[in-house]
Structure formats: C-alpha cells, structure tokens
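*Asks:* make a model of this:
(one chain, ligands or ions: 1)
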Amino acid sequence: MQKSLTVGIVGGGISGLASAYYLAQKAAASKLPHLKILLFERSPRFGGWIRTDQLGPKYDNHVFELGARTLRLQSGNTSLSKHSAINTLQLLEQLKIFDDQFCPIEKSAPANKNKLIYYKQNLVNLNDLSLMFGGKPLRYPPFVYALYEYFSKQGRVKVQDESIRSFIYRRFGDILGEEIVEYLLDPLLKGVYAGDVSKLSAKSVLKKIFELEQTHGSVINGIMKSRQARKTEDPTNLLFNDLNLKDYSHILSKYAIYYLKDGMEKLTSTLVDHLQTLPNVELKPKQLLQRIDFSDDHVSICTRSNEKFAVDHVISALPAYELANLLDDTQHNVLRSRLNRIAFVNMLVINLLYRKEDIYPKEAFGYLIPTREHSHLLGVLFDTCVRHKVDKQKHGSQLTVMMGGAWFDELRLGELTEDQIMNIVTKELKKQMNLDEKPAVYSVARLNKSIPNYNVGHQDVLDDIYALIRRDKLPLTLVGNSYRGIGVNDIIYDARVEMEYLNLNSKTTQQKFFCFISDRMYVSLIVSTIVLVFITGGLTADCPSSPSKWCESKEVAQACNVTEQCQTYVWKTRASGERVNLSIYYETLCPDCRQFISTQVWNAYQSILDIVNITFVPYGNTRELYRPETKLYQYYCQHGAEECYGNLIHACVINFYPQTEQHMPFIYCTETTDGEMESVATECAQKTTIDYDQITACTHSRLGNQLQHAYAVQTESLQPPHQYVPWITLNGEHTEDMQKQAEKDLIGLVCKSYKGSDPPSQCVKNL
Ligand SMILES: C=CC1=C(C)c2cc3[nH]c(cc4nc(cc5[nH]c(cc1n2)c(C)c5CCC(=O)O)C(CCC(=O)O)=C4C)c(C)c3C=C
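*Replies:* Here you go, the predicted model:
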C-alpha cells in the first residue's frame, strides 16, 4: 500500500489558497492519491491582504477594497504574463464565478487609457498625444530618448545588478536620465511596489529590459535584435496545455483589465468554499505558529498552543520575514538572514466614499505623484471610474488614497492618528484635485509590511535561499509575493507552477537512481548511446539490456553499437587512469559560469588537456518536469527560456562532438559572445566547424530532450548536492576549498591533483 503524505501550507492568503487548490487538483488527477493538505492561517479569515469591505445598503452597497482591486489581462508582451492572466480567468471559470463576477474594462475606456501624473502641481495624462511631441512630463519626444540610448556608447558596462535610478542614468546620462527617472519611473514604480527607484533592483524589476541591455549593449538594440530573432518558446507555456491563448483571444483583444463585481475577496472566499468541500484538504484558521522543525527524519509545524503537526513537506505562503521567524536560529541562521533581507514596506490605504457624483478632474484610472512633488501621498485611485459598470447604478463616487511605502518611516506615518492622516489627505486632495467635498464615509487601513520591494541584490538573495534549501535538502517550497512577482495573476500562476514541480517522492527516486547507476561514467555513456538507439532504431539481440554491462568487452560494446562511446568514456579513462577527471556543472547564461569557462577552463584546456578529462554538464539550477502526455521533459531555467535553449544546444553539441577538442571551442565561443542564443550559436558553429543543421535537428528532437534529462539526472545525483553554479568536481569529489582554488587557479588545482608521471611543463612551472 502506498504511504500517505501530508503537505502543510503555512499562510492562508491568495498564494496559500491557490497552492492548496492546485495541489488538490494534482492529487485528484491521481498523481498523488494519498495526499493530505493542511492549510494554516493565523487569523480567523483567509485571504490575506485581499479584503473587500461591503458598506451595505446605507451606502448603496459600495465596497472598500484594502488590497488589489483590479486584475490585468495584459502587461508587456511576454507570453508568460499573458499565460498568468489567462490562468486567473481559467480559475474564475473553474470556481464558477466567471459569468457572474467578471467585469472587464475595454482597452479604449478612459479608466484604462488615462493614467495621470501629478507634475509640477498639474495632473498630466501619460496617454496625451502631446507627449509624442515633447512637453510634460518629458521635455522631448520619446524617439529622442530612444536614439540617445541606442547611440550612447558611454555606460555600456557589465553589472551584476544596480538600482533603477542608476541604470537609467547610466543609459541616458544625467539630463535625460533625470527626466525619465524623476517624472516617469519614480511615480510608475510607486504604482506597483510603492518603492524607491534608488533602491529597487533593475535586474529583478526591469528584468527583460536589463537583460536586453546587458546582452546587446543597449536596450533599443536589444529590442530590435530580439524582434528579428526567432522567438524561443517560454518553457512554462507548455507546462499547462489547458492554457490556450486562443480560447481567450476575444477577451484579450478587447479588454485590458477587469475587476470582480462583488470585490476581490469574492475570489479568495470562493476558493475557501471550494477547498472546504474537498475531503483531503483541511483548513486551519486561527493558528498562531511557533516554529517549523526540519529534523533529519521528520518535519513538524508547531503552534503556539503546543500542537504539533507532522508533515512531509512544507509550502510557505508567508512573507519571507515571517517564514524566517519560524525557522530554528541555530540550524538555519543563514537562511533566516537571507529571508530577512527581502524588504517589505508599510502602507496606509484610505478608502473614501463621497455623496457627490463628479469629483474626478478627469475620467482616469487615477494619478501617481513623483517624489519631487513632495506630497505625503503616493497616489490616488479613481475607483468609480474603474468600477463604472457596476457603480453607475449607485450614488456617489469613491477614491482610494495610498500613503507610505518606501517613505513610510521618513514621513513618520506610523506616529499619526487617524484624524491626523485624514487632515493630510483632505489638504492634499484639495491641492491636487481641487476637491472640497467631505467624504460620507471613509476607512483608514494600516497594512504593515505588506508590499515586498525587490531591491538591489534581490536575485542574489533568491539564489542563496534556493541554494540553502537545496543544500540542506529541506522539504520546503516557497510561494507568495516575496520572491518572483507581486501581481495577483503572477502569484496564482507561480503557485500553480510550484505545485506542478513539487516532487514529494524525490528521496525515493534519487535512491533508486543510485542503485541503478553505480558509476557516473555510465550516465555519459547512456547519453551518447541514445543517439545510436535513435539512429539504429534499437539494440541488437546480443546486447545486454543493462547499460552497466555495455562496455564489459569489445564484443559486447560492438553488439550494442557503443564502441566509440566506451572508448571515450570508459576504456580511455581506465587506460589513462592517471588523468584528473574534472566535471563542470554550469548553465549557459549564468554570468559566473561564463566567466569561469572563458578564463579558467579555457586556459586549462589550452595548456594541460593531456592530464585532464573535462566533462561539461549544462544543467545547473534548471528544473525539470516529466509530462506523461508528451513523454517529454519540460525545463525551467534560472535565466529564462534562452538559457534552456542554450543548455540544449550545448548538450547536443557535446553529444555529436564528444571529444573535448571538438566541443570546447564551441562552448568557449558561445560563453564569450553576447547576443540572442540562436544567432550566437549559429555564428559559433560556423567558426568552430560544427554542423549546425545537425544540432538544430537535435534540439527539436526527442533526443535533445533525453540528453538534457541525462544531465538533469547527473546534476541531481551530485553528492554533496550542488549549491551554486559553476560547481566543479575533481575525480568525483567536491569541497569548498577545491571550488575556491578552481575559480582562482584551475591549472594549479589540476596539477596538484595529478599523480601521474611526467607532468606537463605548465604544471612544473606552477609548482
Ligand atoms: C494611476 C494610478 C495608480 C495608483 C495610485 C496605484 C497605486 C498602487 N498600486 C500598487 C500596486 C500594484 N498596482 C498594480 C497595477 C497597476 N497599478 C496602476 C496604477 C496605479 N497604481 C495600473 C494602471 C496598474 C495595471 C493594471 C492592474 O493590474 O490593475 C499591481 C499589479 C502589477 C501586475 O503585474 O499585475 C500592483 C501590485 C501599489 C502598492 C500602489 C500604491 C501607491
């Protein structure tokens, strides 16, 4: 009988609820028939920051939203964001609230088109046509800025990460940069993170733009190049084949954003209602947690009332700092410190309902206020413009005023009473909107540490967190807005992806794998053999079924059609047992890997190849998921789809050109050339006499997929597990000292490990 498994989800906001929903769905699809899900929430109510207060008939059934109030159907052009938007629509349908609740706003509606900026004491529309010819808030027409960015040679430097302010000043210089930052990006980023452009990370917040600039030397150049280039499929697009853009194209083409008729809480409350009907899900409100214990053989979630719940896996849907507080400070102090590095800001959200109908200076979504305007407010939302369809039957109009964010402490907002806050709000609205009205009703909500700010270094913090979880083999999955995205669509989609990737049986599968493959050499052998199986259509009758026997003798190898592979991977090494075996676990787009391969490895290759076998393992921190319906593995890479494609190209090249001398020049070339992966690989293949047609065929075939899988297995079976990339092993071993020396002086390290006779002159020099 299969052992039952219990998953504890901590945090009952939208990410915890969505995780429970998708995990239960996965269990129902019989992938995990014996799964029990416990969902712990501190308060009596689930839903977290998503909260809708119903004002009742006295106030015409208006609603006050505390958190998110609209959901986007589009933002940017990435297919990922489209998929996350469709995913939420699909969720609404599955919960059977779509027909009743979905209230879309047309792209052409003022509430979508008109986003205002409070500029030099006036409300300026960012959608205004005059903007195209220069004026407010930018002095010149946009093409001037684009041309400057394209041609400017200064500021083309490689950086790990930097603030958004520094990024823009670097690209546009002080004069143009100042305009863009102070009157455009500063307010716009307040409208998502309530954050400060001097602190927010360009790498994490302007991800795509930053990547384009770093790869192509200029954002505009990058945009042009990536338009020309073949689009690589986003790896997560294929993850859920029920998310079909075409099914929703009529909605996506017409509408930009939507809200729910009864408010956003309708989504979380319906999720709760649904989860309550599921026999394998237990909702646990009013649970104050004390700690989460990760011991070697068990995991427990302990409450402050001394209850202890044994679970097999924990999904944290808590803000990072709350999770940190639950971890043991001696065992996990580094993980705790990294989680605590993710900054959160406090907000004041003031909802106001006025009796008067026309309080808005212009039909719009609302306005945002640049820091340079020295207002106590971050921005104001024109709720009734947005909720026009539902609210037109009602009397009055609503505003939401946002205060605090990254400026909460500086403005000492925590010390203000409700009356003082309302005084400030009234004064500012009078000044900015010329509003003299007194609200019929209002609410002031203090949302402490409610919005994460992805500040400079956020990606490094995330990398450390994932590495520590992997190193300590913690059965812990992180979801929620602390890590990979803060929009509601993104949080729901991320929870779905994480639940899909959740492998509750990983320990067993890993052990099984070790029993099956005793010598890591055989992994390479199997990889190469797959090619032959493909070409020959299978093995002959005299070939044993177990790959571990294929190189037993020359005859067997011949029967299995693997003579060349045995020669390369097994016999050669046995014959030249003195050689040092160096393996490099890497991913194609990680900056440190590129640096390591193009300096240390390349130098070693050029000078001491006769004493070292170099094995490249292009996988690193990638994750894979097996899709039974296609019988293919799906890949999810740390540096995006381009990196998955790069890893796949490397896997194919290594496979068809197994000698180091054959594939190293190609690997070196691709790791030292910036640009879109497809064009870099084509160019490098030409330079290094690789038949790129053969490689392209491989990347599109089942073979390519299997080659990648073999690298996944090889990487996942590392002992100790890798914590970062690049990661090296020397004769199958890894230590921190070894790694440090490899990064400084790989030749010296290999020479020191070489115990054979007649060391090369490079080693003698090094002694
Ligand atoms: C123009 C007025 C706006 C104000 C004032 C504003 C305040 C504000 N918003 C957030 C957090 C988020 N806003 C998000 C999206 C978003 N915000 C605005 C405009 C204002 N925001 C627009 C037009 C949009 C896009 C449409 C939508 O999604 O509703 C998001 C979601 C981002 C995503 O990727 O989905 C967040 C989060 C804060 C903290 C804030 C306070 C000043």
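
*Asks:* how far away is whichever residue of the stretch 601-750 of the chain sits closest to the ligand from residue 419?
*Replies:* In the stretch 601-750 of the chain, no residue comes nearer to the ligand than residue 640, which is 17.3 Å away by C-beta to the nearest ligand atom. Any C-beta I mention is one placed from the backbone N, CA and C, and that applies to glycine too. Plainly put, residue 640 is 50 Å away from residue 419 if you go by C-beta to C-beta, to the nearest Å.

*Asks:* those two - which one has more neighbours?
*Replies:* In this view residue 640 and residue 419 are compared by other C-beta atoms under 10 Å, and residue 640 has more residues nearby, 19 against 9.

*Asks:* quick one: contacts for the more buried one?
*Replies:* 211, 589 (C-beta atoms under 8 Å, 6 or more residues apart in numbering).

*Asks:* ok, the one 3 residues further on next?
*Replies:* Residue 643 sits next to 587, 588, 589, 590, 622, 637 when contact means C-beta under 8 Å, 6+ apart.

*Asks:* then residue 168?
*Replies:* 177, 180, 181, 185, 197.

*Asks:* 6 Å - rerun?
*Replies:* Neighbouring residues of residue 168 by C-beta atoms under 6 Å, 6 or more residues apart in numbering: 177, 180, 181.

*Asks:* and for residue 183?
*Replies:* By C-beta under 6 Å, 6+ apart, the neighbours of residue 183 are 119, 137, 370.

*Asks:* so it, which of the three states?
*Replies:* helix (DSSP: H, G, I helix; E, B strand; the rest coil).

*Asks:* please tell me how far the residue of the stretch 601-750 of the chain closest to the ligand sits from residue 385.
*Replies:* Using C-beta to C-beta, residue 640 is found at 36 Å from residue 385.

*Asks:* and for residue 15?
*Replies:* For residue 15, the distance to residue 385 (C-beta to C-beta) stands at 29 Å.

*Asks:* neighbour-wise, which of these two wins?
*Replies:* Each of residue 15 and residue 385 has its neighbours counted (other C-beta under 10 Å); residue 15 has more, 28 against 22.

*Asks:* what helices or strands is the helix or strand containing the more buried one leaning on?
*Replies:* For residue 15, the element it lies in under DSSP states H and E is helix 14-28. Applying 3 or more C-beta pairs under 6 Å, 6 or more residues apart in numbering; DSSP states H and E, one finds that helix 14-28 contacts strand 5-10, strand 35-40, helix 265-276, helix 488-501.

*Asks:* do that again at 10 Å, thanks
*Replies:* Helix 14-28 sits against strand 5-10, strand 35-40, helix 79-94, helix 265-276, strand 281-284, strand 313-316, strand 476-478, helix 488-501, with contacts defined as 3 or more C-beta pairs under 10 Å, 6 or more residues apart in numbering; DSSP states H and E.

*Asks:* mean neighbour count for these - can I get that in JSON lines?
*Replies:* Listed next are the helices and strands packed on helix 14-28 as JSON lines, based on neighbours: other C-beta atoms under 10 Å:
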{"stretch": "strand 5-10", "mean neighbour count": "24"}
{"stretch": "strand 35-40", "mean neighbour count": "22"}
{"stretch": "helix 79-94", "mean neighbour count": "20"}
{"stretch": "helix 265-276", "mean neighbour count": "19"}
{"stretch": "strand 281-284", "mean neighbour count": "18"}
{"stretch": "strand 313-316", "mean neighbour count": "25"}
{"stretch": "strand 476-478", "mean neighbour count": "21"}
{"stretch": "helix 488-501", "mean neighbour count": "24"}
